[in-house]
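> pasting the sequence and the predicted coordinates here, then a few questions.
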Amino acid sequence: MVMFLTSQIDRLEGFFLAQFEEDGDRCLYRKHGRGAPIPVTPQEKEDFRLQYRRATRSMFWLTIALTIVAIALAFWITPEFLDEGPGIFVISMATILAIAVLSVRNTTAPARTLGTRLSIGPPLTNREVRAKHFASTSWALLGSIFFISTTVCGYLLWSAQFTAIEDYFWAAGSAMIAVIGARALWLKYSLGV
């Protein structure tokens, strides 16, 4: 469990550090990688990194503990809520929502700390953000997402009886992913990256 959490924290830390760009002997912080650049020292960047790791580790352990307590209390107080009702679903959605909210809070901590510091330029435009994103995303990945989701959608449309609601969800979900994949391929092509 600890190794799994450590690998997840390492992966999330990579996303967090993507908000910082090297600029000579200093770094530039852009909130969500797109905001106005704010200069920070390498030491401040390291302090933010350590603060992020501590906060993210605490977030995971707190979420795990609260989920276990919620399941135990629900089982003890109203076992029907877990067995026959939507108990596990509600607890799972609450856990996912808590992780999402706390992750955004942890990721934007430097913006709150640096809120009074002046930026040295404008935020990135949508085109610049997309070009930066698609420059690091391979054609093979985008093509495989589009191909696999289109194949799954075609197979479902061809073979499904559409008697259960799940058939519609699977077909609609794979169709949406195929459309998103096609859009991503088009954006990468149109940006020329």
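Yep, that arrived.
> can you pull out the strands in this protein?
20-23, 26-29, 38-40 (DSSP state E).
> take those strands and write them to a markdown table, including mean neighbour count.
In this view, the C-beta of every residue, glycine as well, is placed from N, C-alpha and C. Listed next are those as a markdown table, based on neighbours: other CB atoms under 10 Å:
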| stretch | mean neighbour count |
| --- | --- |
| strand 20-23 | 14 |
| strand 26-29 | 20 |
| strand 38-40 | 20 |
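> which residues does stretch 159-169 contact?
156, 170-171 (CB atoms under 8 Å, 6 or more residues apart in numbering).
> name the nearest residue to Tyr52, sequence neighbours excluded.
Phe16 (5.0 Å; CB to CB, 6 or more residues apart in numbering).
> shouldn't the one you found be in contact with Leu50?
No. The criterion here is CB atoms under 8 Å, and Phe16 misses it with Leu50 at 11.2 Å.
> higher neighbour count, the two?
Neighbours were counted for Phe16 and for Leu50 using other CB atoms under 10 Å; Phe16 has more, 21 against 10.
> who does the helix or strand of the chain with the lowest mean pLDDT touch, helix- and strand-wise?
Ranked by mean pLDDT, DSSP states H and E, the weakest helix or strand in the chain is helix 79-83, scoring a mean of 75. Applying 3 or more CB pairs under 8 Å, 6 or more residues apart in numbering; DSSP states H and E, we find helix 79-83 packed against helix 42-77.
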